[in-house]
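Undergrad: the sequence and its predicted three-dimensional model are supplied below.
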Amino acid sequence: MPTSPLFSRIDTVTLRVRDRSAAIEWYRSRLGFQLVFQDPANGVAVFNVGHGGSLTVWELQPHEVSPAPGDAGTFPVFETADAMAQRHELIARGVNTSALREIPGVRGFSMWDLDGNRLDAWEILEPGPG
């Protein structure tokens with residue numbers, strides 16, 4: 001049984017989309033992600049999301065069905081320095097977001113892409129005195 005991790009980091013999170021081109025436009029214009037690679041033949045596009053992380057969108061084939069949108073399932077969580085300001089900016093860019101939520105130590109919100117894929121953004125709050 002290994003006693004140390006076998007992997008050094010998560011390289012990317014992959015979300016399935018119906019239309020790769022539309023997804024590329026949405027992630028670039030709404031979230032400001034930089035497209036760093038695409039393979040149209042395989043329906044894949046990769047975005048740099050900062051600090052060595054990436055997000056991959058992978059187009060569904062005609063015979064494939066997207067998982068049901070909603071809160072169940074896996075979703076990426078992005079770190080933000082100011083969740084309230086970020087949420088307001090995304091709303092101004094036409095992004096569907098949840099209400100701002102705060103739990104001990106973090107403040108954040110959910111948002112959804114064109115295909116209903118959930119994405120979260122969370123701000124780590126400074127601990128209070130004593």
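TA: Sure thing, it's come through.
Undergrad: SS state for the nearest residue to Gly52 once chain neighbours are set aside?
TA: The shortest distance from Gly52 to any non-neighbouring residue, by Cβ to Cβ, 6 or more residues apart in numbering, is to Arg9 (7.3 Å). C-beta coordinates here come from the backbone N, C-alpha and C atoms, glycine included. Reducing the assignment to helix, strand or coil with DSSP: H, G, I helix; E, B strand; the rest coil, the entry for Arg9 is coil.
Undergrad: leaving out sequence neighbours, find the closest residue to Ser54.
TA: Take Ser54 and drop its neighbours on the chain: the residue closest to it by Cβ to Cβ, 6+ apart is Thr12, 4.2 Å away.
Undergrad: before we move on, which element is Phe78 in?
TA: strand 77-79 (DSSP states H and E).
Undergrad: next secondary structure element downstream of that strand?
TA: Heading C-terminal from strand 77-79, the first helix or strand you meet, by DSSP H and E, is helix 83-92.
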